[in-house]
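S.K.: Got a sequence here, can you build the structure:
(3 chains)
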Amino acid sequence: MSIQTSIWPLVAVLVSLLGAIPIMLSDRNPNLRESWTLVAALTKIAIVLSLLPHVLAGGGWEFVIAQVVPGVPLVLRVDAMGMFFALVASILWFFTSLYSIGYMRTLGEHAQTRYFASFAVAISATLGVAFAGNLLTMYLFYEVLSLSTYPLVTHEQNAEARKSGRKYLTYILGTSIGLALPAMLIVYSITGNLDFQDGGVMAGSGASPELLALVLVLFLFGFAKSGVMPFHGWLPAAMVAPTPVSSFLHGVAVVKAGAFSILRVIFHILGPEQLATANLGWIVCTVAAVTILIASLVALTQDNLKRRLAYSTIGQLSYMILGAGMLSAAGMTGGLLHIAMHAFGKITLFFCAGAIYVAAGKKYISQMDGLGRRMPITYLAFMLGSISIIGMPPLGGFISKWNLVLGAVNSDQMILLLVLLISSLLNAAYFLPIVYRGFFAKAADPVYEEGIKEAPLFCLVPLSVTASASLALFFYPDIFVTLAQLALFP
Amino acid sequence: MSASNLHMYVMAAPLLSAFFVNLLGRMSKAWVSGLTLGSLAFSSVASLLLLGKVMSSGGFSYTVGNWVPPFGIELIVDHLSALMLVLISVVALFASISALKSVERELPGREHLFFTLYLILIAGLMGLVLTGDAFNLYVLLEITSITTYGLIAMGRGRAPLASFNYIIMGSIGACFYLLGVGYLYLMTGTLNMADIASILPQMDGGAAIATALAFMLVGLWIKMALFPLHGWLPNAYSLAPTGAGLIVAPLMTKVTIYLMLRVMFSIFSPDYLFIANPLVQSGIVWVAALAIVCASSLALAQRNLKRMLTYIIVAEVGYMVGGAWLANSIGMTGAVLHIVNDALMTLCLFLAAAAILYRTGSLDFIHLQGIFRKMPITMAAFTVGAFAMIGVPPTAGFFSKWYLILGGIEAGQWAYVIALLFSSLVNAVLFFRIIEIGYFFKEGEHHDHTPRNEAPLAMQVPLVITAVALIVIGLGSGPLVEHIIKLALPAGF
Amino acid sequence: MDGTLGIIVAKYNYWIYVILMMIGFYAMIGKRNLVKKLIGMNIFQTAIILMFVSSGVKHGAQIPILNKYEVIKHGVDATGVVNPLPHVLMLTAIVVSVSITGVALAILLRIYRQYGTLEEDEILEKLG
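M.R.: Take a look at the predicted model:
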């Protein structure tokens, strides 16, 4: 693999961070401020895309930021796996920015400058996690992401936001400092470096299976952004944030940064082969399977739409971890692919939830009867998103789930297959009634519904685009599949 | 001026200007700020030049008044002391910019007195890091202490009482140290550190030497406020005038840690400390771990920003003592790096506290509500300092903690490792509690009604520079360790 | 018993210093009156000064003031004079101790003006 040194990965990471400065300076002029956001978003996509061809050709990009610890520089290295995540994040950021404008303005939210600035820092950190060339760099951006999201989660600045913010930090910072940091130091003290290497930097280090298991568990729970139980409680709590935050950060960037980190550690630090030899995959699979089932069951009981989506996210994130834990080719591919497929599906669903709130002011599913007839585009998009998450053709979600099922069958893990099937049924059970009631149920209070129209265009366009993208990904998943293949089987 | 005397100029500038501040400062306040800032800026530049010189051509020793050691007083300029000189002069410079402002408010008409003591204190600290003579060290230790007693007693309310307590405890510490030196002198007949070090290995008076070491260490531990000998510190530091806290909090404990390293490695040897007495070594690491856990827990109980910070200082002392006694080079690197980082982190947080106090008049938690809206720049810098204390990368605090934890893992001192992680988590709770209080508002109050009211520029500039320095030093910690600290470690590491 | 007594008598200066030090230490820690604490501190410091100074003593030796011409001719007979270095060091230590006492007394004055008493218990009571 030819690695070229280039400053562009750093620029790609920093462009939104630098964008935060003009955003804060144009506090008084919202139009100018939002154009800065959009300019930064488009620049970011352009840079990421310009880095893509070389990666697709099997190469990579590298940039050393600083020498900090012997053997472990702060380094950005764009490989297929990082590019995979960066592509998803940067594209969806652009649509979220569009959506944010519509959402925040329609609701007349306060402190929008702080909102857009924090958002810009968060997306920088997300790309940093994607492009990190070693574990330390990834940890750095992971922490920055945690901290920059705090003002977003607590945006409302009321008692509920304060409580949720506290919960959010307790879970995320507590696990990353208390579990992931020592795990990283243990790895470093064994190997002397923290590079992401194909096959795992710890492969051949002669670490005992017990030590491997310890490190694995520390990492698995240490990156609590992935929402594995019992460290999932922050995600439903974080739903007090404005919907664009929930949709992008808690549907895509933050949570996937967690899953991505765990995948990175399994693929490139611990090494799938070493884990398979030590027979440790079952730990990951058990944790993931339990999370999937419980989260899906809890999702059924939630009446608040965003909370239902949050629990659905918790379950879906564990799909990715489950796939990695299978340690088989198809399973790992499916896990990785699910990052992209789920992102497009889930962000659509969150966008729809936000659009419903903007247009109708409703948060609870029980109040949404008949709303679909008033907001057909939103509900259509919601239906597409649901189908993708459930994993039915012809939507993108099918592809990743198919690979996961294949992985379970190939490795003769029938229990996991059963888990996947039950979960899909549960997914259908908590999503489809929403669509059905939206279109066909009789509105409880027809008067109340009068005058409800579709959300503004700034909201409507992004959700239609992401829904269509979900559909398109079924037919043209090539880029993501290629990247996943390159990442796993170089 | 000749380059070989650079270190003398570094020390002489604040010492001489102290007298002129006292004389001329009576006439006009302009002299006070001019002389203070001028001399400290001069010291900063000279110490940076000195560090450059040491890096390019190695350390050297200097004999005061041309008396040949071991009879005369020897000054030692090596990587470690040059680094400490830079740290002291730069921290003092930034602290004084802000201190000038807050002293003007808190001690009107007494600026010249305050800054006389302030400058002598700095000169004393510089002397401490340079000296290669065990008795000279005692004298300088008392010079810094006496000036600190005076500075603290200038505070209002209970400050004199806190200062008196500090005098009693500080004198016990200094006397213990002097006793230790006395024993060494009785055994070896010399006071020059290098000379003692060369004689000690041939001596067989095991008990007397061990007593000497014990007295010196306990004396220094009292001075650096290692838990459970910390009782005097929280009151003294939190009741001191803000300007005094700015210089005392970042530097005093850190310089004392440096002195401990000097005693450990310039007088005694790693062989004697670690290999001959492994139980003592791991016992001290345990004490350090206990210190970290207890002091962090005590910090949780505080309801005032400055008092909370003082307990964090006590916890940080545990970090460095533990790191120094881990008996491996990684831990030692971490301890030395943490001296630098902790001085800057503490400076950053105390500068922020000074700025908030200047505007709001109180640092009690309940008065900090909505402070982010009122003082966004100050609080942004405070947040950076807080992240450094928690140990969030890429701030400086993360990297020294990295070395310390790694050293703990290497040495198999799991209690110390767990204590460090525990303290990071507690720091996260402590600081996010403040960030949360500052970020949210009182019931019924709204952000639109809270006007912006930033601290004066003279307090903001040093604060922001320190906050930026925390990140720059974090990113540059690789070269810092590679080119300075690795070379500063005692022989045998 | 005889042996122990012999040690005590032979090194009586060190025993006196230890006893003085203990008295001083007790006063600093145990006494509740601030002036007594300060006096304790002085006793403590004096004890250490005694230790240093007595270490320079030699039996039958003179004070270290020598005739220049004698020294040039015959050199110095080290057994004939006491070791001057500890004395010189202790001069410095005495200066230090006096300065600390001065500062402490000044602070005590301030405390007295503020609280009208130097009893620690009463001050703490007034502070509530």
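S.K.: Now the stretch 1-150 of chain B against chain A: closest residue?
M.R.: B:Met55 (16.7 Å; Cβ to the nearest Cβ). In short, each C-beta sits where N, CA and C put it, glycine included.
S.K.: and what of chain B?
M.R.: Residue of chain B nearest chain A, by Cβ to the nearest Cβ: B:Gly478 (3.3 Å).
S.K.: show me the contacts for the residue of the stretch 1-150 of chain B closest to chain A.
M.R.: For B:Met55, the contact set (Cβ atoms under 8 Å, 6 or more residues apart in numbering or on different chains) comprises B:His79, B:Ala82, B:His483, B:Ile484.
S.K.: Secondary structure added to the residues you listed, as TSV?
M.R.: Listed next are those as TSV, based on DSSP: H, G, I helix; E, B strand; the rest coil:
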residue	secondary structure
B:His79	helix
B:Ala82	helix
B:His483	helix
B:Ile484	helix
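S.K.: Are any of those residues buried, and if so which?
M.R.: Buried members of the contacts of B:Met55, counted by 16 or more other Cβ atoms under 10 Å in any protein chain shown: B:His79, B:Ala82, B:Ile484.
S.K.: Just put those in CSV and tack on pLDDT and distance to A:Ser464.
M.R.: Formatted as CSV, the buried ones among the contacts of B:Met55 follow (pLDDT from 0 to 100; distance: Cβ to Cβ, whole Å):
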residue, pLDDT, distance to A:Ser464
B:His79, 87, 64
B:Ala82, 89, 65
B:Ile484, 81, 58
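S.K.: out of the residues you listed, who's nearest chain C?
M.R.: Nearest to chain C among the buried ones among the contacts of B:Met55: B:Ala82, at 26.9 Å, using Cβ to the nearest Cβ.
S.K.: For chain B, give me its nearest residue in the stretch 101-250 of chain A.
M.R.: A:Leu140 (3.9 Å).
S.K.: what pLDDT does A:Val287 get?
M.R.: Note for A:Val287: predicted pLDDT of 89.
S.K.: Could you look up the SS state of it?
M.R.: helix.
S.K.: Name the nearest residue to it, sequence neighbours excluded.
M.R.: A:Val228 (5.5 Å; Cβ to Cβ, 6 or more residues apart in numbering or on different chains).
S.K.: Next to chain C, which bits of chain B? Give me the list.
M.R.: With Cβ under 8 Å from any Cβ of the partner chain as the criterion, chain B meets chain C at residues B:135, B:138-139, B:142, B:145-146, B:149-150, B:153, B:158, B:160-161, B:163-164, B:167-168, B:171-172, B:175, B:178-179, B:182, B:185-186, B:191.
S.K.: who's in contact with A:Ile321?
M.R.: So A:Ile321 contacts A:Leu220, A:Ser226, A:Val228, A:Ala259, A:Ile262, A:Leu263, A:Val284, A:Val287, A:Ala288, A:Thr291, A:Gly335 (Cβ under 8 Å, 6+ apart).
S.K.: separation between it and A:Val88?
M.R.: Between A:Ile321 and A:Val88 the distance, using Cβ to Cβ, to the nearest Å, works out to 17 Å.
S.K.: biggest separation within the contacts of B:Met55, which pair?
M.R.: Maximum pairwise distance in the contacts of B:Met55, criterion Cβ to Cβ, is 11.8 Å, between B:Ala82 and B:His483.
S.K.: If you count contacts, what does the helix or strand hosting B:Val248 end up packed against?
M.R.: According to DSSP states H and E, B:Val248 maps onto helix B:242-262. Under the contact criterion of 3 or more Cβ pairs under 8 Å, 6 or more residues apart in numbering or on different chains; DSSP states H and E, helix B:242-262 touches helix B:79-106, helix B:111-130, helix B:134-153, helix B:206-224, helix B:233-239, helix B:305-324, helix B:329-360.
S.K.: Recalculate using a threshold of 6 Å.
M.R.: In terms of contacts (3 or more Cβ pairs under 6 Å, 6 or more residues apart in numbering or on different chains; DSSP states H and E), helix B:242-262 is packed against helix B:79-106, helix B:111-130, helix B:134-153, helix B:206-224, helix B:305-324, helix B:329-360.
S.K.: Look at stretch A:72-88 and report the distance between its end residues.
M.R.: 27 Å (Cα to Cα, to the nearest Å).
S.K.: what pLDDT, on average, does it get?
M.R.: On average, stretch A:72-88 scores 87.
S.K.: Any chance you could list what contacts it?
M.R.: Outside stretch A:72-88, the residues that touch it by Cβ atoms under 6 Å, 6 or more residues apart in numbering or on different chains are A:9-10, A:48, A:51, A:55, A:60-68, A:127, A:130-131, A:133-134, A:136-137, A:193-194, A:260, A:340, A:343, A:483, A:486-487.
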